[in-house]
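> A predicted structure for the sequence below; I have some questions about it.
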Amino acid sequence: MDEEQINPEQLKQIETMKKVVMKKILDKAAVERLGRIRLVKPDLALQLELYLIQLYQAGKIKGVITDEQLKMLLDTLTTGKKDFKIIK
């Protein structure tokens, strides 16, 4: 079986593990913010989740991440992307 071919059961298991880790490391407000981000920019939410999981697995997360800390992480992930301003 190729690494790229993941059956639906494995995908469901990965999603469940991801949710468990997110609830363990994020406070309620941060979980809500991540949910809103997932609705608007699913790719950014996925990138943020993977980054948080890497930090968690590396033991770099001490305690629970607050909404303010999540905003700072988002800011670091999105810096370098260009903002477009429409002037009328």
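Alright, I've got the coordinates.

> helices and strands around whichever strand or helix holds K71, which ones?
Taking DSSP states H and E as the definition, K71 sits inside helix 67-78. Other helices and strands packing on helix 67-78, by 3 or more Cβ pairs under 8 Å, 6 or more residues apart in numbering; DSSP states H and E, are helix 28-40, helix 42-57. C-beta coordinates here come from the backbone N, C-alpha and C atoms, glycine included.

> what angle do the first one and helix 67-78 make?
Relative orientation of helix 28-40 versus helix 67-78 (axes from the mean of the first three to the mean of the last three Cα atoms, to 10 degrees): 40 degrees.

> picking up where we left off before, and the helices and strands packed on helix 67-78 as TSV, adding distance to L74 and mean pLDDT?
Formatted as TSV, those follow (distance: least, Cβ to Cβ, whole Å; pLDDT from 0 to 100):
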stretch	distance to L74	mean pLDDT
helix 28-40	7	94
helix 42-57	7	91
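
> most centrally placed residue in the chain?
By Cα atoms, centre = their mean, the chain has its centre lying nearest to E49, at 2.3 Å.

> Surely it is in contact with M17?
No: taking Cβ atoms under 8 Å as the definition, E49 is not a contact partner of M17, at 10.9 Å.

> on that earlier part again, report the buried residues of the helix holding K71.
Across helix 67-78, burial judged by 16 or more other Cβ atoms under 10 Å covers L70, L73, L74.

> what pLDDT, on average, does it get?
Per-region confidence: helix 67-78 scores 90 on mean pLDDT.
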